Structures are given as structure tokens and as C-alpha cells.
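>>> Could you work out the structure for the sequence below:
(2 chains)
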Amino acid sequence: MQNELDHLAELAGKGRISRRDFLGRAAALGASAALATTLAGKAFAATPVKGGIIKAGLQGGESTNSLDPALNLSQVTYNFCKQWGEFLVRLTPDGGVENRIAEEIGASDDAKTWTIKIRDGIEFHNGKTVTAEDVAATLERHADEKSKSGALGVLKNIKTIKANGKEVVVTLGDADADFPYLMADYHLVIQPNGGKDNPNAGISAGPYKVAVNQPGVRHGGERFANYWRGDKAGHADQIEIVVINDPTARLAALQGGQVHLINRVEPKVVDLVKRIPGVSIENVSGRGYYPFNMFCDTAPFDNNDLRMALKLAMDREEMLDKILRGYGSVGNDFPINEAYPLFSSDIEQRKFDPEKAAEFYKKSGHSGSILLRTSDVAFPGAVDAAQLYQQSCAKAGIRIEIKREPGDGYWSEVWNKQPFSLSYWGGRPTQDQMYSTGYVSTADWNDTRFKRPEFDKMLFTARAELDQAKRKAIYRDMAMLMRDEGGLIVPFFNQFIDAANTNKVGGWVKNPNGEMMDGYALGECWLNA
Amino acid sequence: MSSPIVKLVAQRIALGILLLLAVSVLIFAGTQILPGDVAQAILGQSATPESLANLREQLGLNQPAYIRYFHWLGGVLTGDLGTAMSSGQDIATSIKERLWNTLFLAFWAAIVAIPLAITLGLIAVRYRDGWVDKLISGVALASTSFPEFFIGYLLVFYFAVQHQWFPAISTVYDGMSFGERLQAIALPAAALTLVVLAHMMRMTRAAILNVMQSAYVETAELKGLSASAVIRKHAFPNAIAPIINVVMLNLAYLVVGVVVVEVIFVYPGMGQYLVDHVTKRDVPVVQAVGLIFAAVYITLNIVADIAAIVANPRLRHPK
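Predicted structure coming up:
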């Protein structure tokens, strides 16, 4: 019963079931009314407490960071911009989209023209009201071909952007049923006049005003009195982010009480951290994965039998167990998992099979060793992962030679340049975005050189399809093609592992969209009185 | 002051400036041969060919290297270090704060470490080869032999996590009172003290022991002076030059070599600032910081030289 109750509590935490449903289902499982109510109290959390300074110690901040949301890259800017910034929409923990500055987003029948209705009465930190012009200017700035914005890639498809009264009308080159998801991109902070006048001003309509901005050291915010949904976020009077890149120092700061929340707890210490009194681990499965990339168009990986041999020689369970200490889930050689909407859970899990791998290897006719490039920066434990893989390949009679590359320059010189290397992908909110960023023929980041016209065609068909059942079927076919013929080996999907001071922090909700409750933790959690 | 000293000092300073100029060329050349370029580093894994081309043009990375060198040198001489490529912030302004933090930490570590090291060295000489000497040397050598991060973590574990007497992280910022700042830097300053202690202590001990072999020390002893008085009045003043040398070396280390301690204690100093910008290929910042480090190093060495010259009676009182 405990497992089911935990599961229920998790669903409740994710906002997938209502309080009433929760009580009903808990009773059906045989929980006493008192227990169910207590659990519900925990799962649905009490009324937020206002006041105090909530502090987070975060990895991923450099003195090179700027406030311009277009240049958001690292964890600290990502977390900070979710505090001072407001977006058109945000992703919900169950994979949906929730409107924010957008009151409504509607599509034409062909999913090519999208109309965003702007909510009334939202105020920027500088006192101005958020208008359709501001929204249109923001989109224009990020979609500009000369833009340095990290969102440029997902906005390429936009043809025109027009502000029209209280509405912004966007027309797309190709139909895209997932357009609202694109608007949740964390670069797209709505700024006055789109930030065209001063992109670094740090002014938007989020729950906190930027008070301190010392890149690589410390960022702070003061509650914005006129925040439009002040009952839902902005509970603490002030927020503070301290940049702590060293994992041990981060943990010490949490234990010593200097911060209330930290991100990126290393899997190898999670079990130890769990034993520390007053500290709770908050882990959630996300969409990020750590792939082994093979170039489908480069010898010897242009041979599907060899690719299949290398896929079958991967001992995923062992990898998950040893590299991530179980904090993740096994992958299935395509980049999608159950955290995505429209995922087909009936696709057979590929298993470690050295005999079959040896068969395919023999069939491929390849001989000699295969060079695999890895580096510490590919993902935490990437060098160990390569060595484990070397061992499991040896069981199938495949010789892997490991080359350890320097972390400096790995992303510019090795990843997406060398035919067999380790990498990481953060995942995207929808299957369409994930495939179109990394796996269509024309993608800049097609890091497995997977170029299959029929695959591209399926993707475009699915994108324009508004019937969800049909889309799901197409996505299933694409996953199968990728799994059986692609250049991608996915040993595992990772988890976001954060930690919180159990006694002080209230309101934590599991959110698979990103670490620290998709970056919203500081504004939506509160300090218990 | 007589002329030979002035001349020697002037020579040293001129040499230092020349050296600094040479270093500036080296720094500039060094930053040019790093793999990848700043545009690629700024955009990271999310770089697309279009955004790369746009950024390169905007940053002026298309000009030849020697033009960029003279452009840069001219700026430095007029106090303009340029703007950071990655964040667009004025380098001089951001360095000022970081440099101040670094100097603040180095200053307090030095205030504790130097007198402590010299006193311990003197005591060690006074009781040389006895258990006091062995204890002092043993502890000092042990603390130096442990890697900095280990000492740092030990201090954090004991004083911040177990007892919570001091904060685990030493972030300092505007608006902190002087007392708060001191409390914040207590642990990193302690770690640095432990790291540099042995070198200075052992050098003091060795230098004085060396002098203790001299005939005039024997004379002083035969005169009936106490051991402490001999060391204080006769041996120490004559051993001062090598001691100043090693003190200056360690001072330089406290300013330019403390990246690890900065990272462990999350202290916003120059080291972390430099490392961040190296990984981002932010060349102007790397050059500026490199030059400042070189200047600190050269200046402290000149000071050591001059102090040695001034402390040398043969140069002070020429025939």
C-alpha cells in the first residue's frame, strides 16, 4: 500500500490529481482518513508563508554571465531569470502548457497562424503595462537572424510577428501544432520593448525585481509588490542566489544553514546526503540523457549491423546502477522517454545481449578496435561510463579504444565533429522539438548524422497534425526507426537531483521540466515560520 | 641615501618595467594560441554557424593579431582595459572589486601568517633540535603537505558544519560590515595561513641558523648575551634578506595562486574570475588579469630586491 500511496502523493505533488481525488483514492487503498488527510496536507502543502529571505546555492554561474535573457545558458541565469522574468506561458509538471502573460493562444486550422491574446493589467517592474507591442518586440528580438539568442533555433520557423491591439499574431513557415510549447523557452523573457533598448536591464514582470546582480558571485531579488499573481509566487520578501560551483562547498553551505536549497547533488553522494538530518533530496526524472553518438554517414559507423552490435553491447542496467547510482532510468536508443507528451510506452526495451551483439559484429565485417572519445565535461561520470562500456563490449568481442579528451574545447572540437563520442542533451519539452533540434537531416546539431528523408517527412506530418492519436502513432514509428537504425546509443536518462533544508522550506513540487522546479523554486517555495 | 642605492633601485625598477612589457607580449601571444575562439566559447554547445558568424563580426575577431596587440597595449597604458566580451561589462570596474577582495583576503592571511611564521622560526632556532623545534617543524610541514582543498574541507567540516561558528561559504559583497567580512574570510584566511606557514618558517629558521655559524655570533655568545638576545640583536638582522625574499614570494602566492581556496570557500576573488574567463575564451579579461598578476609578482620581487639591498650594510654604507 505504501508504494501506491507514495505514487499518489507524487501525482498530487505533480498536480495531476485533485485533493478530493487524492483522498478518495487513498481511502480506496485502505488508508485511514487521518493518514490520508495528513498525506494530503503534505502533498498539497499548507498555505504559503510570506516573508524572509530564501537562499539557494547553485552550481553553474560564471563571472561571464549577463542579465540578457537571450544569452541565458547556465543554471544560475536560468534560475534567476525565472524569478525576475515573466513568460508568455510556462510548462506544467504533467507536460501541459499554462498561460501566463498570454491569456489565450489559438491556432488557425492549418496550425500556421497563431494568435496570442495578451492578459490585461500585468505590470513591468518599471511601472509600465505589458502590451502586445512589448511581446511582439521580444519575439522579434529573439527571432532576428542576427540575434545571438539561444531561442533563435526554435523560432526560425516564424515568418511574421504583428501586434494588433491586444493580440500578437504570428505566422509560421511550416505548420506547427506545438507552437505554444516553443513560447515556454526560458530565453523568451518578456521585456519592455522586447529588451531592444537595453537587453541587460533585467526588467520584466516576474515576482522579484533584480536587486543585486554580481555575475559569478551572487544574485538577489526583492519582491515586486505589483506582481500579477502574488498569491502563487513571490512568497519570500527577498531571494538570493549564491553561486557555489564546488559540489562539496554547496553541500556544506546547505548543512551550515547559509542556503536553503541547492541544485546538482552528485549521484554518488545522494545516499550519504539522505542520512544528513534536516536535509531532503528532491529528485525527479527529466528528459535529459547522456548519449553515445555515432555518425551514421562515417565509416565504420555507416554500417547498421555495426551500429546494432554496439547498441546491443551496452549494458544499460549496469550503467544506470554504477554511473548514476540508480538515479535515472534506462534508455532505449531513441531520445524520448515517458516524461514527454505522446510517448508510446509499449516499445520493447533493448537489453544487453553480448551473443547477439557478437553476431551483428561478425555480420558487419569490421575488425580492429573502435575509437571512442570521452571527457569529464560530457557528463558527470562520462569517463567511467566509457570504461564500463569498453568492458561490456569486450564481452561481445568488440574492442573499444578510449581517448580521453580535454574538457576545454570538447564542445567545439570533439562533440558533433568526431564520429564516436559521448555527449549530453538536456531534452526539450516536446518530441517535435527534440527531433527537430537534433535528428532531422538539416539540423545543425544532428550529432549522429542521422539523415533519413522518410524520418523528416514523418516529423513534418506529425508537426502539422492536430489529431493527438494520429500524432502519437507517427511518433511511435519515428522512435522505432531511430531505435533500430539510428546512430544513437542511449544508456540512460538522468534525474534532476536537488536538495532542500527540510525544516525551513515549504511548497516544493516535483517538476520534470528542469532542475529546481523548472527554475521556479525560489519564487514558489517559502520559508516555514 | 647615497647614490649607489638609488642607482640600484632605479635599475631594478627599469628592469621590472621592461619585464612587464615582455610579459605583456607573452600573454597576448599565449591567448592567441588557445584552441577555439571566444565566439564559440560564449555560445557553447548551442552555437549555430549563423550566430557564430554574427558574434565574431561583432567582437572584431577578424582583425590581424598585431593590430589588436597595440590597440590593447594603448588601452592598458591609458587605464582602459576594455569590456568583457562575454558579459559586456567594463573590465576595469569588475576587476577593481575582485582585486580588492583578493587583496583583502591576502592581507589578513599575511597579517596572521608572516609574524606567526617568523616568530615560530625564531623559537625553533632558540630551541633548535629540541622537541619544540621538532613539533613546530612537524606541524608546519604537515599542514603544507596536505593539499589546500583538503585543509579547506577539514576547516569547513569542523568549524562550519559541525559547530557552525563560521559560515561555510565566504561570499562577500557590498553592504557587509567590516566585522561580517572578517567573519566571512576567517576560514579561507586560516587555510591560506596553514598553506604558506611552513615555507616562511623553515626559511627563517634556516637563514638564522646559517648566520648562527658566524664568528660574531660566537663572540656575542662569549660576551654572555642570552640566546634570545643573540638571535634578536645579531642573527636576525643579518638574516633578513633571505627572509624578506621568501615572505614576498609567499605574498605573491597569496595574491595570484589561491584559485583552489577561492573555489572551495566560494570567495569572489581574482582567481575564480580568471578561470571563468579562460573557459569562455574571454581574451581581453584573461589578458588584463594576466597582466595584473604579472605586475603584482614583479612588483613584490622588486620590493624584495630593494629591501635586501637596503638591508645590506655594505650597500648602505659604501666606502
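
>>> Please count neighbours and contacts with C-alpha atoms only from this point.
Will do.

>>> Do I have it right that residue B:186 meets residue B:165?
No: look at residue B:186 against residue B:165 with C-alpha atoms under 8 Å: they stay out of range, at 10.1 Å.

>>> Of the two, which one has the most company?
residue B:186 (17 against 13; other C-alpha atoms under 10 Å in any protein chain shown).

>>> how close does that one get to residue B:263?
Residue B:186 sits 15 Å away from residue B:263, going by C-alpha to C-alpha, to the nearest Å.

>>> again, but for residue B:80
To residue B:263, residue B:80 is 28 Å away according to C-alpha to C-alpha.

>>> residues from the stretch 251-400 of chain A in reach of chain B?
By the rule C-alpha under 8 Å from any C-alpha of the partner chain, the part of the stretch 251-400 of chain A lying against chain B is A:252-253, A:255-256, A:258.

>>> Toward the C-terminus from the helix or strand bottoming out on mean pLDDT in chain B, list the very next helix or strand.
Sorting the helices and strands of chain B by mean pLDDT, DSSP states H and E puts helix B:38-43 at the bottom, at a mean of 66. Moving toward the C-terminus from helix B:38-43, the first helix or strand encountered (DSSP states H and E) is helix B:49-59.

>>> Report the buried residues of that following helix.
Neighbour-count burial for helix B:49-59 flags B:51-52, B:55 (criterion: 16 or more other C-alpha atoms under 10 Å in any protein chain shown).

>>> Equivalent analysis for stretch B:74-83, please.
Along stretch B:74-83, the positions that meet the burial threshold by neighbour count (16+ other C-alpha under 10 Å) are B:81-83.

>>> element containing residue A:197, please.
Here residue A:197 is assigned to no helix or strand, by DSSP H and E.

>>> Apologies, that question was intended for residue A:209.
Applying DSSP H and E as the criterion places residue A:209 in strand A:208-214.

>>> contact partners of that strand?
A:63, A:83-84, A:125, A:202-203, A:218-224, A:234, A:238-239, A:523 (C-alpha atoms under 8 Å, 6 or more residues apart in numbering or on different chains).

>>> Straight-line length of stretch A:427-446, end to end?
Between the start and the finish of stretch A:427-446 there is a gap of 14 Å, counting by C-alpha to C-alpha.

>>> close to chain B, is it?
Yes: using C-alpha under 8 Å from any C-alpha, we find that stretch A:427-446 touches chain B at residue A:444.

>>> which of the residues in that stretch are buried?
Of the residues in stretch A:427-446, those buried by neighbour count under the rule 16+ other C-alpha under 10 Å are A:427-441, A:443-446.

>>> quick one: contacts for the residue lying closest to residue B:164 once chain neighbours are set aside?
Nearest residue to residue B:164, sequence neighbours excluded (C-alpha to C-alpha, 6 or more residues apart in numbering or on different chains): residue A:256, at 6.0 Å. Shown here is residue A:256, whose contacts under the criterion C-alpha under 8 Å, 6+ apart are B:160-162, B:164, B:167-168.

>>> helices or strands up against the longest helix seen in chain A?
Using DSSP state H to define each element, chain A has its longest helix at helix A:468-485. Counting by 3 or more C-alpha pairs under 8 Å, 6 or more residues apart in numbering or on different chains; DSSP states H and E, the packing neighbours recorded for helix A:468-485 are helix A:304-312, helix A:453-464.

>>> Please identify the buried residues of that helix?
Of the residues in helix A:468-485, those scored as buried under the neighbour-count criterion (16+ other C-alpha under 10 Å) are A:471-472, A:474-476, A:478-480, A:482-485.

>>> Any idea how many residues pack against residue 259?
Going with chain A. The burial count for residue A:259: 25, using other C-alpha under 10 Å.

>>> my bad, the chain I had in mind was chain B
Counted by other C-alpha under 10 Å, the residues lying close to residue B:259 total 20.

>>> looking at it, it is touching residue B:272, isn't it?
Yes: look at residue B:259 against residue B:272 with C-alpha under 8 Å: they come within range, at 5.9 Å.

>>> just how off-centre is the one helix or strand residue A:78 maps to within its chain?
Using DSSP H and E, the secondary-structure element containing residue A:78 is helix A:75-84. For helix A:75-84, the separation from the chain centroid amounts to 14 Å (computed by C-alpha atoms, centre = their mean, to the nearest Å).

>>> Can you tell me the number of residues neighbouring residue A:150?
Other residues near residue A:150 come to 24 when the count uses other C-alpha under 10 Å.

>>> measure it to residue A:74 for me?
11 Å.

>>> name the element residue A:432 belongs to?
Counting by DSSP H and E, the element that carries residue A:432 is helix A:431-438.

>>> Other residues contacting that helix?
Contact with helix A:431-438 is made by A:153-154, A:178, A:335-336, A:340-342, A:427-428, A:443-447, A:459, A:462-463, A:475, as judged by C-alpha under 8 Å, 6+ apart.

>>> let's see it at 6 Å
The list of residues contacting helix A:431-438 from outside it, by C-alpha atoms under 6 Å, 6 or more residues apart in numbering or on different chains, reads A:428, A:443, A:445-446.

>>> I'd like the average pLDDT over that helix.
Looking at helix A:431-438 alone, the average pLDDT works out to 90.

>>> rewinding a little: of all the contacts of helix A:431-438, which comes closest to chain B?
Of all the contacts of helix A:431-438, the one sitting nearest chain B is residue A:445; the distance, using C-alpha to the nearest C-alpha, is 8.1 Å.
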